[in-house]
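In: just coords:
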């Protein structure tokens, strides 16, 4: 298929013809089939199309059709239609990878809107695939720094602003917030990304070797120096140097580093010759580097050379809305690494996670994810449940009340209720699943028979 089109699969002849006419009146090119097994051979990876299919059909039902299409092309948008809709069916479709789920009787404007969104999504997917074939693969910032809270959005914006500013930067953050991850992201988003990123933990280096490690040495410059060594700073030239726990750097090394920043050159240990270096220096400390410099525990002149700009990483307790997203990511990684599935988590478990202060920040949550997968988490599997007067419990009760009253008002019509609540249908289905709300309880007899 050379042009973007709609592949329609519907065994009801009258409905198939009606839907074809509706779609074609909106300038969609439609290829219609009466069965899924007829449509399947016409589709392939990178097909320029969107699929709309009924669920209940002879030979091959819509769910089986969807599974085949997912194997063929997992990013092909598939909109499924059912006249026997329930929450379990909708969630099963979404879990299998359906773009969306529509219940009968169909509202033409809703179907057209979904088809337009699916078409835009498909064209964007195909364009991204084309670009990936012609350019090196690049991991997005959202994949590296996980979180959509206001605090994380501000951090990402700050990072993008400073990535290509060729200045030295101090990264401030508590233990476990991911200072090295932010440093790597600064490098990968910059014009220096093709050159080395060199990370050094100054606190982990023996004091008698740190100058040799940083600046390199000539053969015979000290006992054991049998041959010339290129130091970390010289190796990072053209790229980015990240100095973690820089407050642990001995005074003599601080003085030599200051000269590198001032003059753009260094001397290897045991050499009188200078070597030109071009690098961007990122620095981080366990504590407040400014306060350390004010107490003369760290050279003030070096601090001001390093702190041309700064980035502050928020602690996890200040962005708790990111916990579900982070937890999902870490649990998935832990399942792959440990070779077992995590036990299901309830709303009570999440309450424990949300009220915890996370002094170890993201690193603590990562370790907690391993314990959850192993079933040994003391944080969520033991202890007293949160009080029924807790904020999370009261918010849950309020949300349940809002859903109940809206479904009563809309007489169980999911699309209408989602529209009034200004949330996607998928979100409403998931909320109903969470609270055990059944659509059938809100339908009157006429509507049940109509569907």
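Out: Looks like it arrived, so ask away. On a predicted model such as this, the values are computed, not experimentally measured, just so you know.
In: Without its sequence neighbours, what residue ends up closest to residue 10?
Out: The shortest distance from residue 10 to any residue other than its chain neighbours is 4.0 Å, reached at residue 16 (CB to CB, 6 or more residues apart in numbering). To be clear about C-beta, it is placed using only N, CA and C from the backbone, and glycine gets the same treatment.
In: now swap in residue 172 and tell me
Out: Nearest non-adjacent residue to residue 172, counting by CB to CB, 6+ apart: residue 312, 4.8 Å away.
In: Dihedrals phi and psi, that neighbour?
Out: The phi and psi values for residue 312, taken as degrees, to the nearest 10, are phi -100, psi 120.
In: For it, list the residues it contacts.
Out: Under the criterion of CB atoms under 8 Å, 6 or more residues apart in numbering, the neighbours of residue 312 are 155, 172-173.
In: Can you add neighbour count and give the residues you listed back as a markdown table?
Out: Below are these laid out as a markdown table (neighbours: other CB atoms under 10 Å):
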| residue | neighbour count |
| --- | --- |
| 155 | 23 |
| 172 | 19 |
| 173 | 20 |
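In: can you list the residues you listed in CSV and add pLDDT and secondary structure?
Out: What follows is the contacts of residue 312, written out as CSV (pLDDT from 0 to 100; DSSP: H, G, I helix; E, B strand; the rest coil):
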residue, pLDDT, secondary structure
155, 95, helix
172, 95, strand
173, 94, coil
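In: sorry, back to before: do you know how far the residue nearest to residue 172 is from residue 345?
Out: 31 Å (CB to CB, to the nearest Å).
In: try residue 146
Out: Distance of residue 146 to residue 345, computed by CB to CB: 18 Å.
In: End to end on stretch 265-278, go ahead and measure it.
Out: 8 Å (CA to CA, to the nearest Å).
In: List of residues touching it?
Out: 211-212, 215-218, 220-222, 225, 228-229, 231, 233-234, 236-238, 256, 259-260, 264.
In: Tell me how far that stretch lies from the chain's centre.
Out: 42 Å (CA atoms, centre = their mean, to the nearest Å).
In: Surely the residue nearest to residue 10 is in contact with residue 34?
Out: Yes. Checked against CB atoms under 8 Å, the pair residue 16 and residue 34 is within contact range at 6.8 Å.
In: Overlap of the contact sets of those two?
Out: Contact criterion CB under 8 Å, 6+ apart; residues shared by residue 16 and residue 34: residue 10.
In: I figured residue 26 hits residue 112, correct?
Out: Yes. The pair residue 26 and residue 112 passes the contact test of CB under 8 Å, sitting 5.5 Å apart.
In: Okay, now the unreliable bits of the stretch 351-451 of the chain?
Out: 381-394, 397, 444-451 (pLDDT under 70).
In: Helices of that one, start to end?
Out: Taking DSSP state H, counting those that start in this stretch, the helices of the stretch 351-451 of the chain run over residues 361-374, 378-381, 391-409, 414-421, 425-435, 445-450.
In: who wins for proximity to residue 326 among the ones you listed?
Out: For these, the distance to residue 326 is smallest for helix 361-374, at 5.8 Å, taking CB to CB.
In: hmm, who's touching that closest one?
Out: Taking CB under 8 Å, 6+ apart as the rule, helix 361-374 contacts 174-178, 315-316, 323, 326-327, 330-331, 333-335, 338, 340-343, 345, 353, 358, 360, 377-380.
In: how about the strands in the protein?
Out: 5-9, 30-33, 49-54, 78-82, 100-103, 169-172, 197-201, 240-244, 265-267, 274-276, 280-284, 309-312 (DSSP state E).
In: Give me the contact list for stretch 53-66.
Out: With CB under 8 Å, 6+ apart as the test, stretch 53-66 has contacts from 8-12, 35-37, 39-40, 68, 78-84, 89, 92-93, 96-98.
In: Kindly report the same for stretch 102-121.
Out: 4, 6, 19, 22-23, 26, 28, 50, 52, 77, 79-83, 85, 99-100, 414-415, 450-451.
In: buried residues in it?
Out: 102-103, 106, 110-111, 114-115, 118-119 (16 or more other CB atoms under 10 Å).
In: how about the residue nearest to residue 156 when sequence neighbours are not counted, what does it touch?
Out: Spatial nearest neighbour of residue 156, excluding adjacent residues (CB to CB, 6+ apart): residue 141 at 5.6 Å. Counting by CB under 8 Å, 6+ apart, residue 141 touches 156, 159-160, 185, 189.
In: Which of these sits closest to residue 419?
Out: For the contacts of residue 141, the nearest to residue 419 is residue 156 (31.5 Å; CB to CB).
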